[in-house]
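**Q** no sequence on this one, just coordinates:
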């Protein structure tokens, strides 16, 4: 990342991440039951959003919710998948309690880094093929270990600039979606 704008710095993912963790292994049920909460799965982020039609349900205790509950700005990252889906991400911005499920990494940005911007940075790496370059492979599966992921370079603009960038990117994404519907 050469020639960054004034007041930007280059760092690595580890420096902007407050938390990187695997999710809960609670027993999952296909249908909602009394007192259950939705839990994310790889399929939940298939279209790079949080698809509530592709969750399962768990009986989660208060401790489970504290440990595995998603917070606004959290990014879910598919770190074990086929090459086609490796590195898919979705940012959580819902007003709903959802449990972070196993087989997705949760990336929680530090307060000085916008989770939506983190999502766009990770999408850039996915589309540029960088995740495939560093992936380990086994039969029909590729994976990126946390150590390699933490070493990826991340541009760090001032927080106000991050928010402006995210607004521009969301506006651009919305325009792209409207034009694809026409």
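**A** Looks like it came in fine. Keep in mind it's a predicted model, so treat the numbers as computed, not measured.

**Q** residue 107 looks like it's in a strand, true?
**A** Yes: under DSSP: H, G, I helix; E, B strand; the rest coil, residue 107 sits within a strand.

**Q** look up how far residue 105 lies from the closest residue in space to it that isn't next to it in sequence.
**A** Counting by CB to CB, 6 or more residues apart in numbering, residue 75 is the residue found nearest to residue 107 once chain neighbours are left out, at 4.3 Å. All C-beta atoms are positioned from the backbone trio N, CA, C, and that covers glycine. From residue 75 across to residue 105, the span is 9 Å (CB to CB, to the nearest Å).

**Q** out of those two, which sits in the busier spot?
**A** residue 75 (27 against 20; other CB atoms under 10 Å).

**Q** show me where pLDDT drops low in the protein?
**A** Applying pLDDT under 70 to the chain flags residues 1-2, 172-182.

**Q** just the strands in it please.
**A** 9-12, 17-21, 37-39, 56-58, 75-77, 80-81, 89-91, 105-109, 136-138, 141-143, 153-156 (DSSP state E).

**Q** returning to what we had before: test my guess that the residue nearest to residue 107 contacts residue 121.
**A** No: using CB atoms under 8 Å, residue 75 is not in contact with residue 121; the gap is 9.5 Å.
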